[in-house]
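**Q** Whatever this is, show me its structure:
(one chain, ligands or ions: 1)
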Amino acid sequence: MIKNEEYFQANKELWNQRTIVHKDSDFYNLAGFKAGESVLTSIELAELGDVKSKSLLHLQCHFGMDSLDWARRGAIVTGIDLSDTAIDEAKKLNDELGLNAKFVCCNVYDTSLHVKDQFDIVFTSYGTIGWLPDLVSWAKMIAGKLKPGGIFYIAEFHPVVWMFDDDFTHIKYSYENKEVIMTENEGTYTDRNADIKGKEYSWNHSISEVLNALIKAGLKIELFNEHMYSPYPCFRNTVEFEKGKWHIKGMEGKIPMVYSLKATKAISS
Ligand SMILES: C[S@@+](CC[C@H](N)C(=O)[O-])C[C@H]1O[C@@H](n2cnc3c(N)ncnc32)[C@H](O)[C@@H]1O
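**A** As a prediction, this is how the structure comes out:
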């Protein structure tokens, strides 16, 4: 049986390849971001609120655009990611923009080994926990990285979306975390024809698995929302029904596509 380390290594190789394509893609709009446009979505902006002067740990930050967007809004940011290519790009972007975010290359499960501080906010979003086999140790790490009274915030694609095949024609995968899902990957969501090939390994996580992992880690759920659209056109067969909001063609308004959650760590425990 393949061990998690081998899954992580395969995923890292794919994310390294994807980063090279993503940073020059229209999807990520790096040129617009460099020119001052925001890349955060109205979901996390409305729900997380003011981050000015707050320390913020961004888990699975990819090549740092969202992290640096929070930094531009006054947060003191540390981003971590498994992909060394992504972290190198994030550091370059930080320097180019004259910001003072820190970026660290590590597996999310090893965050505490590499990042010693505790934070006011731990943030993660859109395409993160699907790369993680186990949410109990993920949530425990998050609780450990929060200061007393600190906030954990996640905006993530809804597990219902991950039940479908790539073209959204039928239900292919279990809603729950039953097993590792191996996919022979070609291309990426910013360019389906990109020269990227390799096996990737992911896991589906039900809403109850997420909630129970956080509750078990001692966090108090303060907000939970389901959104009937995606703020990104990263799936096949999407239609933009309103600026910045996408549905799956044929399922308009029928399935949740994103959920968001805010949880806090008790001031004294
Ligand atoms: C979809 S991206 C992050 C989402 C972010 N909103 C974005 O698009 O910029 C997923 C990121 O998770 C990272 N990743 C995957 N598995 C990881 C792990 N075990 N530990 C840390 N980072 C991981 C990948 O390298 C990738 O940069």
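**Q** Residue numbers of the stretch 101-250 of the chain in contact with the ligand?
**A** Residues of the stretch 101-250 of the chain that fall close to the ligand, judged by CB under 6 Å from any ligand atom: N107, V108, S125, Y126, G127, T128, W131, L132. C-beta coordinates here come from the backbone N, C-alpha and C atoms, glycine included.
**Q** How about the backbone phi and psi for the fourth one?
**A** Right, Y126. In terms of degrees, to the nearest 10, the main-chain angles of Y126 are phi 50, psi 80.
**Q** What about it, how many residues nearby?
**A** By other CB atoms under 10 Å, 19 other residues sit near Y126.
**Q** how close does it sit to E156?
**A** Here the criterion is CB to CB, to the nearest Å. By it, Y126 lies 7 Å from E156.
**Q** what's the answer for the third one, then?
**A** When distances are taken as CB to CB, S125 and E156 turn out to be 7 Å apart.
**Q** Kindly report the same for the fifth one.
**A** From G127 over to E156 the distance is 8 Å, taken as CB to CB.
**Q** who's more crowded, the two?
**A** Neighbours per residue, other CB under 10 Å: of G127 and E156, the larger number sits with E156, 20 against 15.
**Q** just checking, the more buried one touches I129?
**A** Yes - look at E156 against I129 with CB atoms under 8 Å: they come within range, at 6.1 Å.
**Q** Quickly list what's touching both of the two.
**A** V210 (CB atoms under 8 Å, 6 or more residues apart in numbering).
**Q** Which strands and helices lie in contact with the longest strand belonging to the chain?
**A** If you go by DSSP state E, the chain has its longest strand at strand 146-157. In this structure, strand 146-157 packs against helix 42-48, strand 119-125, helix 207-216, strand 219-227, strand 258-265, with contacts taken as 3 or more CB pairs under 8 Å, 6 or more residues apart in numbering; DSSP states H and E.
**Q** can you redo those as CSV with distance to Y28 and mean neighbour count?
**A** Output for those, formatted as CSV (distance: least, CB to CB, whole Å; neighbours: other CB atoms under 10 Å):
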stretch, distance to Y28, mean neighbour count
helix 42-48, 17, 16
strand 119-125, 14, 23
helix 207-216, 26, 17
strand 219-227, 21, 15
strand 258-265, 18, 20
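**Q** Can you check which of these gets nearest to K34?
**A** K34 sits nearest to helix 42-48 of all the helices and strands packed on strand 146-157, at 19.5 Å, using CB to CB.
**Q** Show me what the closest one packs onto, helices and strands only.
**A** strand 119-125, strand 146-157, strand 219-227, strand 258-265.
**Q** distance between the second one and the chain's centre?
**A** Taking CA atoms, centre = their mean, to the nearest Å, one finds the center of strand 146-157 at 13 Å from the center of the full chain.
**Q** cool, the third one as well?
**A** Put simply, strand 219-227 sits 16 Å off its chain's centre (CA atoms, centre = their mean).
**Q** ok, and what's touching that strand?
**A** By CB under 8 Å, 6+ apart, strand 219-227 touches 43, 47, 139, 142-143, 146, 151-152, 158, 211, 214-215, 256-266.
**Q** and if you look at the first one?
**A** Counting contacts by CB under 8 Å, 6+ apart, the residues outside strand 119-125 that touch it are 44, 48, 51, 54-60, 66, 70, 75, 78, 142, 145-147, 150-156.
**Q** Can you select the buried ones among these for me in PyMOL?
**A** Command for PyMOL, covering only those of these found buried under the criterion 16 or more other CB atoms under 10 Å:
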select buried, resi 44+48+51+54+55+56+57+58+59+60+66+70+75+78+142+145+146+147+150+151+152+153+154+155+156
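**Q** and G36, how many neighbours?
**A** 8.
**Q** sorry, that was for D166
**A** Per other CB under 10 Å, the neighbour tally for D166 reads 11.
**Q** out of everything not next to it in sequence, what's closest to it?
**A** Nearest non-adjacent residue to D166, counting by CB to CB, 6 or more residues apart in numbering: R236, 5.6 Å away.
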